[in-house]
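[1] Here is my input, please return the structure:
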Amino acid sequence: MKMHNPPHPGEFIKETYLIPLKISQNEMADRLHVARSTFNRLIRGVNGISPEMACRLSVVLGRTPESWLNLQSQYELSLVKKAMNFKHLKPMKFKLQN
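    I've put the predicted structure just below:
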């Protein structure tokens, strides 16, 4: 599903898991076996989800690693689409050979 303004994955984690389940950032960092500062940068939107973090999140929180990476990809694509103008690009036309 395409989202208009997808949240940063850190915001998603905070709003979906940390706040409703009353889990601290420190506890989550410990469960993920990452530095607390690393997890804090993710939650604040400074860092994104790497493939390694996606695997860690998959084990600890569920969902597939691909779904975690997809959240990151959707977020990044939305930023690029908002920031760049692609009107000067022209699609190539290909002739099919018989």
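[2] The residue nearest to Pro65 when sequence neighbours are not counted and Leu71, how far apart?
    Leaving aside its sequence neighbours, Pro65 sits nearest to Ala54 (Cβ to Cβ, 6 or more residues apart in numbering; 4.0 Å). In short, each C-beta sits where N, CA and C put it, glycine included. Remark: distance between Ala54 and Leu71 (Cβ to Cβ, to the nearest Å) = 9 Å.
[3] Counting neighbours, go ahead and name the busier of those two.
    Between Ala54 and Leu71, counted using other Cβ atoms under 10 Å, Leu71 has the larger neighbour count: 24 against 21.
[4] helices or strands up against the strand or helix carrying that one?
    Leu71 belongs to helix 65-83 when assigned by DSSP states H and E. Helix 65-83 sits against helix 9-13, helix 51-61, with contacts defined as 3 or more Cβ pairs under 8 Å, 6 or more residues apart in numbering; DSSP states H and E.
[5] and these as a markdown table, adding mean pLDDT?
    Formatted as a markdown table, those follow (pLDDT from 0 to 100):
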| stretch | mean pLDDT |
| --- | --- |
| helix 9-13 | 97 |
| helix 51-61 | 98 |
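[6] Now do stretch 24-42: distance from first to last residue.
    Stretch 24-42 has an end-to-end distance of 14 Å (criterion: Cα to Cα, to the nearest Å).
[7] which parts of that stretch are buried?
    Residues of stretch 24-42 classed as buried under the neighbour-count rule (16 or more other Cβ atoms under 10 Å) are 25, 28-29, 32, 34, 39-40, 42.
[8] got a list of what the residue positioned nearest the centre of the chain touches?
    In the chain, the C-alpha nearest the mean C-alpha coordinate belongs to Gln72, at 2.2 Å (Cα atoms, centre = their mean). Gln72 sits next to 9, 48-49, 54 when contact means Cβ atoms under 8 Å, 6 or more residues apart in numbering.
[9] how far out from the middle of the chain is the worst-scoring helix or strand of the chain on mean pLDDT?
    The helix or strand of the chain with the poorest confidence is helix 65-83; it has a mean of 95 (mean pLDDT, DSSP states H and E). Distance of helix 65-83 from the chain centroid (Cα atoms, centre = their mean, to the nearest Å) equals 6 Å.
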